[in-house]
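*Asks:* missing the sequence, but the structure's below:
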């Protein structure tokens, strides 16, 4: 019990600092919330070839005019996070896990990734910016989560390999949202948006040309 | 400029390991520099300082260049003295701006240290903008690793 409490305390202390706009939809529950008039749905599918721990994919509200992320009163970015875990306690190798969140319509950046709740890679050196219109259902992509993987230069770094498969995602979404899957459309990302660097490792994330719609 | 190069050169000398067994491994610890063909030492100074500020949170965005009156020397010296995370972030920032990271082997590091100071200074101003640097080996260049990771392949 003592260890659990310490771990829990640690998680509270180390939790990613951001203001959560909305909660990710829990697809294990029977309730299926839908976007309100001023909201949109984002859909993505993280997956992993093996254990990658606990991951949160971060989306921040973004103002393309000022090239700044929205901040709350405490100076923390405003946005949403999508969770994906693959640890000894759970997770299926290679399975593309459907993730859905309902967010206020508007502009966002794919802002980064928190790894095991303690380490955040922030894409502040160049991130994909995209817009979601009210009522839209937007497919962001599939992300192969890699943790401290050895790169070609011999050093170990995190990565989220991007790929896109709209129709396969539509079929998967149809099991959870049969009424909305027909509206699923690919995002229209623009690479290279910069914003204030708050996190641990500062990197850039470019959606590959081959992965763009 | 001479003073700036002097301090930079001193820094590289500080990084040179003590004599020991020969190694062909290229490592930042043996000495490193950023290179962009055609770049001047002034540009290297300005951009490294800007990236260091960003890495330490002093500069809010990569596109906001606010130059300090530092020098190439102070900049590179500081980059090495920084903590690991700040060094990595400075490096990432430089790479996305088109700089290449060159590093030395132990032997190269020692050879560098053995050079007269004036010679080092003159070389440094050339190395940062050389088409093909005559010292060190290319250790890292920017690649879209987070979205398109090039993973290590066993031979």
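*Replies:* Done, it's in. These figures come from a predicted structure and were not determined experimentally.
*Asks:* How many residues are close by residue A:87?
*Replies:* A total of 11 residues lie near residue A:87 under the criterion other C-beta atoms under 10 Å in any protein chain shown. Yep, even glycine has a C-beta here, placed from its N, CA and C like the rest.
*Asks:* Ramachandran angles for residue B:118?
*Replies:* In terms of degrees, to the nearest 10, the main-chain angles of residue B:118 are phi -60, psi -40.
*Asks:* Next one: the most centrally placed residue in chain A from chain B, what distance?
*Replies:* By C-alpha atoms, centre = their mean, the mean C-alpha position of chain A lies nearest to residue A:57, the distance being 2.9 Å. Counting by C-beta to the nearest C-beta, to the nearest Å, the separation of residue A:57 from chain B is 12 Å.
*Asks:* Contact residues of chain B facing chain A?
*Replies:* B:54-55, B:57, B:60-63, B:85, B:88-89, B:92-93, B:96, B:139-140, B:142-153 (C-beta under 8 Å from any C-beta of the partner chain).
*Asks:* Select only the buried ones of these in ChimeraX?
*Replies:* This is how ChimeraX selects the buried members of the residues of chain B next to chain A, with burial counted by 16 or more other C-beta atoms under 10 Å in any protein chain shown:
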select /B:54,55,60,62,88,89,92,93,96,139,140,142,144,145,146,147,148,149
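*Asks:* Mind checking which of the residues of chain B next to chain A land in helices?
*Replies:* With DSSP state H as the criterion, helices contain B:54, B:55, B:85, B:88, B:89, B:92, B:93, B:96 from among the residues of chain B next to chain A.
*Asks:* can you tell me which two in the residues you listed are farthest apart?
*Replies:* Farthest pair in these (C-beta to C-beta) is B:85 and B:96. Separation: 16.7 Å.
*Asks:* Strands of the chain, residue ranges please.
*Replies:* The chain I'm using is chain A. For chain A, the strands defined by DSSP state E occupy A:19-20, A:39-47, A:53-63, A:68-69, A:78-86, A:99-104, A:106-115, A:119-132, A:137-150, A:156-163, A:184-186, A:190-193, A:201-204.
*Asks:* try again with chain B
*Replies:* B:27-35, B:100-104, B:137-140.
*Asks:* Now render the ones you listed as CSV, adding mean pLDDT.
*Replies:* Shown next, in CSV, are the strands of chain B (pLDDT from 0 to 100):
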stretch, mean pLDDT
strand B:27-35, 87
strand B:100-104, 93
strand B:137-140, 93
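*Asks:* JSON lines for the ones you listed, including distance to residue A:126?
*Replies:* Formatted as JSON lines, those follow (distance: least, C-beta to C-beta, whole Å):
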{"stretch": "strand B:27-35", "distance to residue A:126": "18"}
{"stretch": "strand B:100-104", "distance to residue A:126": "18"}
{"stretch": "strand B:137-140", "distance to residue A:126": "17"}
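*Asks:* low-scoring stretches of the chain, by residue?
*Replies:* Since no chain was named, I'll use chain A. When residues are selected by pLDDT under 70, those of chain A lie in A:1-22, A:211-213.
*Asks:* um, chain B though
*Replies:* Residue ranges of chain B with pLDDT under 70: B:1-23, B:58-83, B:155.
*Asks:* Isn't residue A:193 up against residue A:128?
*Replies:* Yes - when contacts are counted by C-beta atoms under 8 Å, residue A:193 is listed as touching residue A:128 (7.1 Å).
*Asks:* what residues do the two have in common as contacts?
*Replies:* Common contact partners of residue A:193 and residue A:128 (C-beta atoms under 8 Å, 6 or more residues apart in numbering or on different chains): residue A:109.
*Asks:* Show me what the closest residue to residue A:96 other than its chain neighbours bridges to in the sheet.
*Replies:* Of all residues not flanking residue A:96 in the chain, residue A:45 sits nearest, at 4.1 Å (C-beta to C-beta, 6 or more residues apart in numbering or on different chains). On the basis of DSSP bridges, residue A:45 is bridged to residue A:142.
*Asks:* Near residue A:45, how many other residues are there?
*Replies:* 23.
*Asks:* Ok, the one 3 residues further on next?
*Replies:* Summarising burial for residue A:48: neighbours were counted as other C-beta under 10 Å, giving 24.
*Asks:* so how far is residue B:148 from it?
*Replies:* Separation of residue A:48 from residue B:148 (C-beta to C-beta, to the nearest Å): 17 Å.
*Asks:* Enumerate the positions of stretch A:138-156 that are buried.
*Replies:* A:138, A:139, A:140, A:141, A:142, A:143, A:144, A:145, A:146, A:147, A:149, A:151.
*Asks:* swap that for stretch A:196-213, please
*Replies:* Within stretch A:196-213, the residues that qualify as buried are A:196-207, A:211-212, counting by 16+ other C-beta under 10 Å.
*Asks:* need the buried residues of stretch A:138-156 in JSON lines with distance to residue A:66, can you?
*Replies:* Shown next, in JSON lines, are the buried residues of stretch A:138-156 (distance: C-beta to C-beta, whole Å):
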{"residue": "A:138", "distance to residue A:66": "23"}
{"residue": "A:139", "distance to residue A:66": "28"}
{"residue": "A:140", "distance to residue A:66": "23"}
{"residue": "A:141", "distance to residue A:66": "26"}
{"residue": "A:142", "distance to residue A:66": "31"}
{"residue": "A:143", "distance to residue A:66": "28"}
{"residue": "A:144", "distance to residue A:66": "33"}
{"residue": "A:145", "distance to residue A:66": "31"}
{"residue": "A:146", "distance to residue A:66": "33"}
{"residue": "A:147", "distance to residue A:66": "34"}
{"residue": "A:149", "distance to residue A:66": "35"}
{"residue": "A:151", "distance to residue A:66": "34"}
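*Asks:* Sounds good, over and out.
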